[in-house]
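[1] A predicted structure for the sequence below; I have some questions about it.
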Amino acid sequence: MGKHTMSLELNFKHIESLIDTVEYQQTGLSTICTIKTKQNIVIYGQSHALREATYDAEIGKKVAYDNAIDELFAKEGYRIKFLENS
């Protein structure tokens, strides 16, 4: 391990602790989830439906949120790994 000893565990509880606000924008068949972290970092997730007949707004929000969380996991994982190795 590098100079910085990290005691952070990269799990869903840790990721949720970083979130300040969550907002959704729906346009047509698309949903965008915007997560703002407590450190003022903005992460986006999106979802798209193929047909209006199968579009469900709540599913769109869930998929967009899950995609934003995946992105936040990736960024936080990179940050922790970088600090461990510096």
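    On my side now, so go ahead. Residues are numbered from 1 along each chain as shown.
[2] What helices and strands are in contact with the helix or strand hosting residue 58?
    Taking DSSP states H and E as the criterion, residue 58 maps to helix 57-85. Applying 3 or more CB pairs under 8 Å, 6 or more residues apart in numbering; DSSP states H and E, we find helix 57-85 packed against helix 12-18, strand 19-27, strand 30-37, strand 42-48. From N, CA and C alone the C-beta is placed, and that goes for glycine too.
[3] Turn those into a markdown table, including mean pLDDT.
    Listed next are the helices and strands packed on helix 57-85 as a markdown table, based on pLDDT from 0 to 100:
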| stretch | mean pLDDT |
| --- | --- |
| helix 12-18 | 93 |
| strand 19-27 | 97 |
| strand 30-37 | 98 |
| strand 42-48 | 98 |
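[4] List the residues that contact residue 31.
    Each residue near residue 31 by CB atoms under 8 Å, 6 or more residues apart in numbering is listed here: 24, 25, 46, 47, 48, 57, 60, 61, 63, 64.
[5] Please work out how many residues are found near the first one.
    Yep, that's residue 24 we're talking about. By other CB atoms under 10 Å, the residues close to residue 24 number 14.
[6] Thanks a lot, see you next time.
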